[in-house]
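A.B. asks: could you work out the structure for the sequence below:
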Amino acid sequence: MAAPPSSAATIVDDKSPHCIPFILSRLSVHQATNPSRPFFIGLNGVQGAGKTTLVSTLARTLQEGKGLETLVCSIDDLYLTHEDQVALAKEHPLNPLVQHRGEPGTHDMNLARDIFSTLEQGREVKIPLYDKSAHNGQGDRVSSLKWAIRNGSGQPRIQVVIFEGWCVGFRAISLEEIRAKQEAPSTTLHKHRLEDLVFVNEKLRDYDIMTDSFDAFIHIDAEETGYVYEWRLEQEAALRRERGSGMTDEMVKRFVDGYYPAYELYTDGVRAGVLREKGEGRQLRLVVGRDRRVRDVVTT
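C.D. replies: Numbering: from 1, shown residues only. Below you'll find the predicted structure:
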């Protein structure tokens, strides 16, 4: 099922040749129509598909190649504090989707709203950090004293923001859609109560404050979403080989199971186009195969 462990570290970047021309084209339009506001790029990548490599290349191209002050942010750094996550889990003890960080609803949307608003206005902003290793792996937000300051006095103004994450761009769907997806054959949805899925869905509505800010969107999709299980198994096998420790295969399955309901609920919406209400041509979808190489390119 899984390829040799060493393959997990070998990701060929065949994505940036598609993404860079797309971003530069959309950036040109943005600068001509709204030059005072930063250009916001949303990037959704199936876990393990090569998102990190792509983000690094895009940021380097924009910062060094084009001279544009570029900020990379991750939705992972917006997770609730450990204290607030524990409180959320206790408040909803029967909902397994919020017993740990991951699913929509486990991020701090007040913090997200403040950061996006401040960035849009070009004001000084502190960029949060999250430590996933804190509290024996449960995670916690790093002290704000250690957050980096951007747009500060004497600093260049941020011109491009790349906001990335596995659930970036997910939008809430109707109760009827949730029920239909749950009743249809699924990998994980049938294992959850309808009310638990609805809870996450309602929390996701607050995420529109971020999604609506995007001027362009990149979606690294997979021919089969289930590849995420295999890719994660490869990553952990590599960690066990290199560090002598890591999650077992069963632990990996349980870990991915915690995220997978959102993939099953919301991936269709991302594929249809996150920004389609703003007009056509704003989203680039790269469909990758089992080997993570691009199989198809779709613009919506």
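A.B. asks: do a quick rundown of the helices in the stretch 151-300 of the chain.
C.D. replies: 175-183, 194-204, 208-211, 227-243, 249-272 (DSSP state H, counting those that start in this stretch).
A.B. asks: quick one: which of those is nearest S143?
C.D. replies: helix 208-211 (23.6 Å; C-beta to C-beta). To be clear about C-beta, it is placed using only N, CA and C from the backbone, and glycine gets the same treatment.
A.B. asks: what's that closest one packed up against?
C.D. replies: If you count contacts as 3 or more C-beta pairs under 8 Å, 6 or more residues apart in numbering; DSSP states H and E, helix 208-211 packs onto helix 109-121.
A.B. asks: and the helix it packs on with helix 194-204, angle?
C.D. replies: For helix 109-121 against helix 194-204, the angle by axes from the mean of the first three to the mean of the last three C-alpha atoms, to 10 degrees is 30 degrees.
A.B. asks: next SSE downstream of helix 109-121?
C.D. replies: Next helix or strand after helix 109-121 toward the C-terminus (DSSP states H and E): strand 125-127.
A.B. asks: need the contact partners of that following strand.
C.D. replies: By C-beta atoms under 8 Å, 6 or more residues apart in numbering, the list of residues contacting strand 125-127 from outside reads 71, 73, 77, 115, 118-119, 144, 147-151.
A.B. asks: centre of the chain to it, how far?
C.D. replies: 19 Å (C-alpha atoms, centre = their mean, to the nearest Å).
A.B. asks: strands paired with that strand, and their directions?
C.D. replies: Strand 125-127 pairs in its sheet with strand 148-150 (antiparallel), by DSSP bridges.
A.B. asks: outside of the strand it pairs with, which residues touch it?
C.D. replies: Contacts for strand 148-150 (C-beta under 8 Å, 6+ apart): 71, 124-127, 129, 155, 158.
A.B. asks: again, 6 Å this time
C.D. replies: 71, 125-127, 158 (C-beta atoms under 6 Å, 6 or more residues apart in numbering).
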